[in-house]
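# What shape does this take:
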Amino acid sequence: MIYTVTFNPSLDYIVRVPNLAEGATNRSEGQALYPGGKGINVSIMLSNLGYASKALGFSAGFTGREIERLLAENGCDAEFIPLHRGNSRINIKIKSGEETEINGQGPHIPSEALEALFQRLDACGPEDILVLAGSIPNSLPTDIYEQIMRRLRDRKTRIVVDATGDLLKNALKYHPFLVKPNAAELEELCGIRCDTMDKIKQGAIRIQQDGALNVLVSLGKDGALLIDRHGQFHTSPAPSGILVNSVGSGDSMVAGFLAGYLKEQDYAAAFRMGIAAGSATAFQEWLATKDQVLKAYQELQPL
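Okay, here's the model as predicted:
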């Protein structure tokens with residue numbers, strides 16, 4: 001089983017405004033509502049690709065109920081811990097030339113709710129994959145990723161970490177199965193300028209030396225780079241297309257990598273499916289369908 005954890009899920013309210021004017025009444029020309037959060041995106045993309053997962057997290061109020069409803073609508077099995085105060089957050093994304101985002105605050109997560117999550121994670125075993133993705137709300141300990149990885153260390157669960165800064169850096173000593181920084185995050189972790197492929201490779205090697213088994217670096221329109229646990233490098237440009245929305249692209253890459261790996265047990269195949277899924281999502285308004293991912297896969301240059 002694949003488990004994903006989203007500590008601060010959201011309803012993402014997308015609003016399109018032709019010419020946003022501050023201090024005035026603006027009328028939208030279109031809007032959409034999606035479930036948001038990196039782990040949630042991974043679960044939905046896995047579902048799109050035909051792989052079951054269990055989405056874990058916390059749910060509060062009417063917004064939390066809507067997030068769960070939308071997950072079910074998209075074929076995802078969600079087991080959120082109910083919170084009895086507050087509401088799950090709403091993130092507003094205003095598209096008007098440039099994109100403006102207003103991200104809400106999540107509800108307070110009490111210690112007993114966190115313990116309930118820990119108990120659910122105790123079901124993880126060596127055949128399972130756990131995806132820890134995204135930021136954490138202020139009400140949780142800053143070392144929450146480390147707590148989870150330390151708790152599961154003897155269970156040999158394969159853990160994917162898609163996070164930034166100290167959340168990722170401090171997780172490396174627990175030897176995550178996969179980490180997925182982008183170039184800017186790699187620079188922050190390594191303290192070097194990653195402006196050439198050679199330097200990106202150097203940064204990825206350093207992250208692997210610090211503990212990660214597989215390091216997948218997303219490079220936007222330039223594709224991606226993987227150094228697998230055997231020390232082999234895999235690189236590929238992205239398929240051609242028009243960028244529509246980069247939100248969820250990295251999460252789709254993680255889901256595609258896992259889907260490719262589970263199908264083929266091969267890192268080269270996992271890498272290519274990861275690039276295809278990430279690119280296909282970038283070319284859509286929201287997360288790509290299976291057919292869109294397979295189309296992007298076919299357009300990748302042969303290795």
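
# ok, F283 to G248 distance?
F283 is 12 Å from G248, where distance means CB to CB, to the nearest Å. Backbone N, C-alpha and C define where each C-beta goes, glycine included.

# just N103 next, same as before
On the measure of CB to CB, N103 and G248 end up 15 Å apart.

# same check, this time on P239
Distance from P239 to G248, by CB to CB: 17 Å.

# Of these two, which one has the most company?
G248 (27 against 19; other CB atoms under 10 Å).

# list the contacts for the nearest residue to L172 once chain neighbours are set aside?
Distances taken as CB to CB, 6 or more residues apart in numbering put G211 closest to L172, at 3.8 Å, once the chain neighbours are dropped. For G211, the contact set (CB atoms under 8 Å, 6 or more residues apart in numbering) comprises L172, K173, Y174, H175, P176.

# Kindly report the same for V17.
N26, R27, S28, E29, I94, K95, S96.

# how does it look with 10 Å?
N26, R27, S28, E29, G30, Q31, I94, K95, S96, G97, T100 (CB atoms under 10 Å, 6 or more residues apart in numbering).

# which one in the residues you listed is the model shakiest on?
Minimum pLDDT for the contacts of V17 is recorded at G97 (79).

# where do the helices sit along the stretch 101-250 of the chain?
Assigned by DSSP state H, counting those that start in this stretch, the stretch 101-250 of the chain shows helices spanning 111-121, 144-152, 165-169, 183-190, 197-209, 249-264.

# okay, those in a markdown table with mean pLDDT next?
Shown next, in a markdown table, are these (pLDDT from 0 to 100):
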| stretch | mean pLDDT |
| --- | --- |
| helix 111-121 | 93 |
| helix 144-152 | 93 |
| helix 165-169 | 86 |
| helix 183-190 | 84 |
| helix 197-209 | 89 |
| helix 249-264 | 94 |
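
# Pick the most buried one from these.
Among the helices of the stretch 101-250 of the chain, helix 249-264 has the highest mean neighbour count (mean count of other CB atoms under 10 Å), at a mean of 25.

# can you pull the pLDDT of the closest residue to G134 other than its chain neighbours?
In space, and not counting its chain neighbours, G134 is closest to K38: 3.7 Å by CB to CB, 6+ apart. Here the pLDDT value assigned to K38 is 92.

# Quick check: phi and psi at the residue nearest to L172.
Backbone torsions for G211, taken as degrees, to the nearest 10, come to phi 140, psi -20.

# any idea how far it is from V179?
Counting by CB to CB - G211 and V179 are separated by 9 Å.

# What of A163?
Distance, A163 to V179, using CB to CB: 8 Å.

# More neighbours: those two, which one.
V179 (29 against 21).

# That one contacts N170, doesn't it?
No: assessed by CB atoms under 10 Å, V179 is found out of contact with N170, at 11.9 Å.

# hey, what's in contact with both of these two?
Common neighbours of V179 and N170 (CB under 10 Å, 6+ apart) are V161, A163.

# Pretty sure T63 sits in a helix.
Yes: counting by DSSP: H, G, I helix; E, B strand; the rest coil, T63 is found in a helix.

# Test my guess that it contacts R89.
Yes: in terms of CB under 10 Å, T63 counts as a neighbour of R89; the distance is 7.1 Å.

# neighbour count winner among those two?
R89 (23 against 19).

# Low-confidence stretches in this protein?
By pLDDT under 70, the weakly predicted segments of the chain are 301-303.

# quick one: terminal-to-terminal distance for stretch 187-196?
Start to finish, the residues bounding stretch 187-196 are 12 Å apart (CA to CA, to the nearest Å).

# one step back: ok, which of the helices of the stretch 101-250 of the chain comes nearest L11?
Across these, L11 has its closest neighbour in helix 249-264 (16.5 Å, CB to CB).

# Give me the angle between whichever helix or strand comes after the closest one and helix 249-264.
Note on helix 249-264: by DSSP states H and E, the next helix or strand toward the C-terminus is helix 267-282. For helix 267-282 against helix 249-264, the angle by axes from the mean of the first three to the mean of the last three CA atoms, to 10 degrees is 140 degrees.

# Which positions in helix 267-282 come out as buried?
267, 269-282 (16 or more other CB atoms under 10 Å).

# just those now: which is nearest Y297?
A276 (3.7 Å).

# Leaving out sequence neighbours, find the closest residue to the closest one.
Nearest to A276 is Y297, by CB to CB, 6+ apart, at 3.7 Å.

# I'd like the distance between the closest residue to E264 other than its chain neighbours and K263.
Excluding the flanking residues, the one nearest E264 by CB to CB, 6+ apart is A270, at 7.0 Å. Using CB to CB, one gets 8 Å for the distance from A270 to K263.

# cool, E22 as well?
49 Å.

# Ok, D198 next?
32 Å.
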